[in-house]
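**Q** model the following, please.
(one chain, ligands or ions: 2)
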Amino acid sequence: MRAASLWRYTIPLEAGVVLRDQRVKLRSGLVVRLRDGSAEGWGEIAPLPGFSREDLPQAQEAAEGWLAGWCAGKATAESVLPSVAFGLSCALAELDGTLPAAGNYHPAALCVGDPDQLFARLQALPHQVAKMKVGLYEPIRDGMLVSLLLEALPDLQLRLDANRSWTPEKAWQFARAVEPELRQRIAFLEEPCRTPDQSRRFSAATGIAIAWDESVREANFVVAAQPGVTALVVKPTLTGSIRQLQQLIIAAQQQGLTVVISSAIESSLGLTQLARLTNWLTPQVLPGLDTLDLMQHQLQRRWPGSSLSLQTLADREAIWRR
Ligand SMILES: O=C(O)CCC(=O)C1=CC=C[C@@H](O)[C@@H]1C(=O)O
Ligand SMILES: [Mg+2]
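**A** Numbers count the residues shown, from 1 in each chain. Ligands and ions are numbered 1, 2, ... in the order given. Here you go, the predicted structure:
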């Protein structure tokens, strides 16, 4: 006997969270629970405004349609909406036991805040891998800060993310502020320039490794080894089901590329599932999942070690059930 419930959640974000130049105060999404006899599986469906092609009402409509079919025992294809396909695939994988319980709860530390605080925080990290946004201020300032951190912390490896914000000239200004021997400790710089071509040229000229994030989600994207490209940053809420993630990982491995499983600012429910997917599918790679502290509370499942309070859904009214 199959049953399903859908809840809607809204979590206040910490002041100052900026996504694509927009200050964002709330994160909303759906949580699904599937039951089949005594087995149970949960998933999170949370399109990210400005990044997902579907919005929350569209995701809800698609999820309800899929769930009605599933409860009736019909063979149901994966949704074409990535957030829906991802959340439902997690719920199914918990239900049938394919998603292992063990997780990798040690993401690359996301650096925000002023350089002094950053320095203290980075020094205390168990593994010296951190991620920093660049491209929000002057590129020379970014380059100087990167140099300062790499010089002060000799074991530190930095992942940088420019979100396609630089012209070739600005990207050069950044690179000139980082000495060539320090550039080797930039594990990768995500999408430095406005176009992939410009980013590839930047990498060839500076020796700074790059990674694709936005490009992975473009219709014409092909997984291919290219000089200077070391990694694909994959946010499953934006790319689709666990099966699609597995295909991407296999294709990337065949081309010698690393896949970094990353957050699309999911709640602790989705983040802990991403941590489990990381441990299962990319066990050698630190994930990009250090986004829980952008939120004011956890949802349904605890992230190990987090002191944020937990809100659960079982006593809340579902918006849909069957
Ligand atoms: O990749 C990580 O380590 C954390 C996630 C992260 O940086 C992002 C998540 C979602 C939207 C973006 O603002 C941002 C990114 O650009 O990659
Ligand atoms: Mg990015």
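**Q** stretch 247-266 spans what distance, first to last residue?
**A** This stretch, stretch 247-266, spans 22 Å end to end (Cα to Cα, to the nearest Å).
**Q** let me know the average pLDDT across that stretch.
**A** Averaged across stretch 247-266, the pLDDT comes to 98.
**Q** can you give me the buried ones in it?
**A** Buried residues in stretch 247-266, counted by 16 or more other Cβ atoms under 10 Å: 248-249, 252, 257-266. Glycine gets a C-beta too; all of them are placed from N, C-alpha and C.
**Q** low-scoring stretches of the protein, by residue?
**A** The model of the chain has pLDDT under 70 over residues 113.
**Q** residues from it in reach of ligand 2?
**A** By Cβ under 5 Å from the ion, the residues of the chain that approach ligand 2 are Asp161, Glu190, Asp213.
**Q** quick one: which of the residues you listed is most hemmed in?
**A** Glu190 (27 neighbours; other Cβ atoms under 10 Å).
**Q** verify the stated contact: it with Leu158.
**A** No - counting by Cβ atoms under 8 Å, Glu190 sits too far from Leu158 to count as a contact (11.3 Å).
**Q** which ones among the buried residues of stretch 247-266 map onto helices?
**A** Among the buried residues of stretch 247-266, the members found in helices (DSSP state H) are Leu248, Ile249, Ala252.
**Q** tell me who's in contact with the residue of the chain found nearest ligand 2.
**A** When scored by Cβ to the ion, the chain has Asp213 as its residue closest to ligand 2, at 3.8 Å. The contact partners of Asp213, by Cβ atoms under 8 Å, 6 or more residues apart in numbering, come to Asp161, Asn163, Glu190, Glu191, Leu232, Val233, Lys235, Ser262.
**Q** please repeat the previous calculation with a cut-off of 7 Å.
**A** Glu190, Glu191, Val233 (Cβ atoms under 7 Å, 6 or more residues apart in numbering).
**Q** quick one, phi psi at it?
**A** The phi and psi torsions at Asp213 (degrees, to the nearest 10) take the values phi -120, psi -70.
**Q** and what of the one 3 residues further on?
**A** Dihedral angles of Val216 (phi, psi; degrees, to the nearest 10) stand at phi -60, psi -30.
**Q** my read: it touches Leu232, true?
**A** Yes - counting by Cβ atoms under 7 Å, Leu232 is a contact partner of Val216 at 5.3 Å.
**Q** which of those two has more neighbours?
**A** Counted by other Cβ under 10 Å, Val216 and Leu232 do not tie: Leu232 has more neighbours, with 26 against 19.
**Q** what's the spacing between the more buried one and Ala15?
**A** 32 Å (Cβ to Cβ, to the nearest Å).
**Q** isn't there a strand covering Trp70?
**A** No - with DSSP: H, G, I helix; E, B strand; the rest coil as the criterion, Trp70 is assigned helix and is not in a strand.
**Q** picking that back up, the contacts of Asp213 into a markdown table, with extra columns for secondary structure and distance to ligand 1?
**A** Output for the contacts of Asp213, formatted as a markdown table (DSSP: H, G, I helix; E, B strand; the rest coil; distance: Cβ to the nearest ligand atom, whole Å):
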| residue | secondary structure | distance to ligand 1 |
| --- | --- | --- |
| Glu190 | strand | 7 |
| Glu191 | coil | 8 |
| Val233 | strand | 6 |
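**Q** between those, which sits nearest Gly143?
**A** Nearest to Gly143 out of the contacts of Asp213 is Glu190 (Cβ to Cβ; 15.8 Å).
**Q** contacts only, for the closest residue to that closest one other than its chain neighbours.
**A** Excluding the flanking residues, the one nearest Glu190 by Cβ to Cβ, 6 or more residues apart in numbering is Asp161, at 4.1 Å. Shown in contact with Asp161 (Cβ under 7 Å, 6+ apart): Lys131, Lys133, Val134, Glu190.
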